[in-house]
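J.: Requesting a structural model of the entry that follows:
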Amino acid sequence: MGVAFISFGTAFLGYEIYWRLKSERIDGVITAVKAQGKYFYSVFKYKTHDGQELEQDSALGSSSILSRLPGTHVNLMIMPDNPKKIRRPTMIWFVFGTMFLVPGLFIMNLAIKKFEFNYMMALFILAGILFGGEKVFHFYRKITHSKFDRELLSEFWRDIKAGKKPTSEPHEINGEILTKPEIIKHAKSHLKYSKVTTLVLFLISIGLGYWGYYSGQEMIDMTENGLRTSGTIIGMETHDNSDNTGYTYYAIIRFMDENGETHEFTDSIGSSTPLYDRGETVDVLYKPKSPNISIIDRGILNWGISTLAALFSLWALWGSFVFLGAEKRFNNHPIHRSIIT
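T.: Residues are numbered from 1 along each chain as shown. Below you'll find the model as predicted:
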């Protein structure tokens, strides 16, 4: 699971970093909006630095039309080797990347500490390699089934060896271009919920901000005034999952304080499989005046909860301000003024 989380997080962050480093910034305008199912996609018109005038669909859609009104001037990113590969700057990939990467690093940190190489582990690794190799082989057979596919694959590898960068085809949406009355209708419908969304996001921001601040202050106090010692895993506390898919396991730790007294506590972090073995030794951080307040000392990962809470609090606060000004931006937008004039 840790590998999967890290893979997803790295992919999201890598994708965003790649675009930020390799792309060029240009100005553009939304000329139309397409509807495909419940989602709306912008149609951008822009001019590249070498003078080309292009029009291209956005690769990302959303269920709200308010940020995609025709006539809106936008900042765009394009790939120099393929100016039809285009997208608007966004922080969503950084958010998703952080959401997956931080828990993934935490899980992998625990897995590495528990890892013991033996013959059984070697067999599992070998089985994984054979299983993955079989999937790759079947995939290769599938994509080289026809002569055309084999020639296409050979051409791809020749381009790679020659140092050419493979470029994907521009993203096209097979949706319906909305008329001005349809756009106005959808926009007014979405505006009805903007104030409610603003309030919900603001309350979420306050809640997460308080949680992040409180947990951060607790961790500062624990780090500055707490004592470190060794503890032993003596058992597991199990909780039924709400969806009846199994159990969540929480480690029970026993440790001895500076006065020689023994204490026990249950780890606040659980998982679908036990993170520790019975009898395993772990680092413990506790308050000397209140030894019942204690945690497993995971180093920098102790700050994971407060950091994530603070990040999501800021994200929710930003979202609340975006929705708060949605009606004003719509009323000042050229598409709305064209109706009332």
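J.: any idea what the closest residue to residue 264 other than its chain neighbours is structurally, helix, strand or coil?
T.: When the adjacent residues along the chain are set aside, residue 264 lies closest to residue 254, with 4.9 Å between them (Cβ to Cβ, 6 or more residues apart in numbering). Just so you know, the C-beta spots here come from the backbone N, C-alpha and C atoms, and that holds for glycine as well. Local secondary structure at residue 254 is given as strand here, using DSSP: H, G, I helix; E, B strand; the rest coil.
J.: what comes up buried for the helix or strand hosting residue 205?
T.: According to DSSP states H and E, residue 205 maps onto helix 194-225. If you call a residue buried by 16 or more other Cβ atoms under 10 Å, then helix 194-225 has these buried ones: 194, 197-198, 201-202, 204-205, 208-209, 211-212, 215-216, 219, 222.
J.: do stretch 222-241 as well
T.: By neighbour count, and taking 16+ other Cβ under 10 Å as the criterion, the buried residues in stretch 222-241 are 222, 226, 229, 231, 232, 233, 236.
J.: Quick one: the strands in this protein, in order.
T.: Ranges of strands in the chain, per DSSP state E, are 24-36, 39-47, 53-57, 73-79, 82-87, 176-177, 227-240, 247-256, 262-266, 281-286, 294-296.
J.: want to throw those strands into JSON lines with mean pLDDT and distance to residue 274?
T.: Converted to JSON lines, these look like this (pLDDT from 0 to 100; distance: least, Cβ to Cβ, whole Å):
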{"stretch": "strand 24-36", "mean pLDDT": "90", "distance to residue 274": "45"}
{"stretch": "strand 39-47", "mean pLDDT": "89", "distance to residue 274": "42"}
{"stretch": "strand 53-57", "mean pLDDT": "88", "distance to residue 274": "48"}
{"stretch": "strand 73-79", "mean pLDDT": "88", "distance to residue 274": "45"}
{"stretch": "strand 82-87", "mean pLDDT": "82", "distance to residue 274": "43"}
{"stretch": "strand 176-177", "mean pLDDT": "86", "distance to residue 274": "53"}
{"stretch": "strand 227-240", "mean pLDDT": "91", "distance to residue 274": "6"}
{"stretch": "strand 247-256", "mean pLDDT": "90", "distance to residue 274": "4"}
{"stretch": "strand 262-266", "mean pLDDT": "93", "distance to residue 274": "13"}
{"stretch": "strand 281-286", "mean pLDDT": "92", "distance to residue 274": "13"}
{"stretch": "strand 294-296", "mean pLDDT": "91", "distance to residue 274": "13"}
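J.: the inter-axis angle of the helix holding residue 205 versus strand 281-286?
T.: Here helix 194-225 points in a direction 100 degrees away from that of strand 281-286 (axes from the mean of the first three to the mean of the last three Cα atoms, to 10 degrees).
J.: What is the neighbour count of residue 95?
T.: By other Cβ atoms under 10 Å, the residues close to residue 95 number 14.
J.: Over to residue 276?
T.: Other residues within reach of residue 276, judged by other Cβ under 10 Å, total 21.
J.: Tell me the spacing between it and residue 253.
T.: If you measure residue 276 against residue 253 using Cβ to Cβ, to the nearest Å, the figure is 9 Å.
J.: pLDDT weak spots in the stretch 101-250 of the chain?
T.: Along the stretch 101-250 of the chain, segments meeting pLDDT under 70 span 101-129, 131-173, 242-245.
J.: Give me the common contacts of residue 276 and residue 253.
T.: Both residue 276 and residue 253 are in contact with 233, 282, where contact means Cβ atoms under 8 Å, 6 or more residues apart in numbering.
J.: before we move on, the earlier item: going by contacts, tell me the helices and strands next to the helix holding residue 205.
T.: Helices and strands in packing contact with helix 194-225 are listed as helix 304-324; criterion 3 or more Cβ pairs under 8 Å, 6 or more residues apart in numbering; DSSP states H and E.
J.: Report the angle between the helix it packs on and helix 194-225.
T.: Regarding helix 304-324 and helix 194-225, their directions subtend 160 degrees when assessed with the same axes, to 10 degrees.
J.: Quick one: mean pLDDT over helix 304-324.
T.: Per-residue pLDDT values over helix 304-324 give a mean of 86.
J.: List the buried residues in it.
T.: If you call a residue buried by 16+ other Cβ under 10 Å, then helix 304-324 has these buried ones: 304-313, 315-317, 319-320, 322-324.
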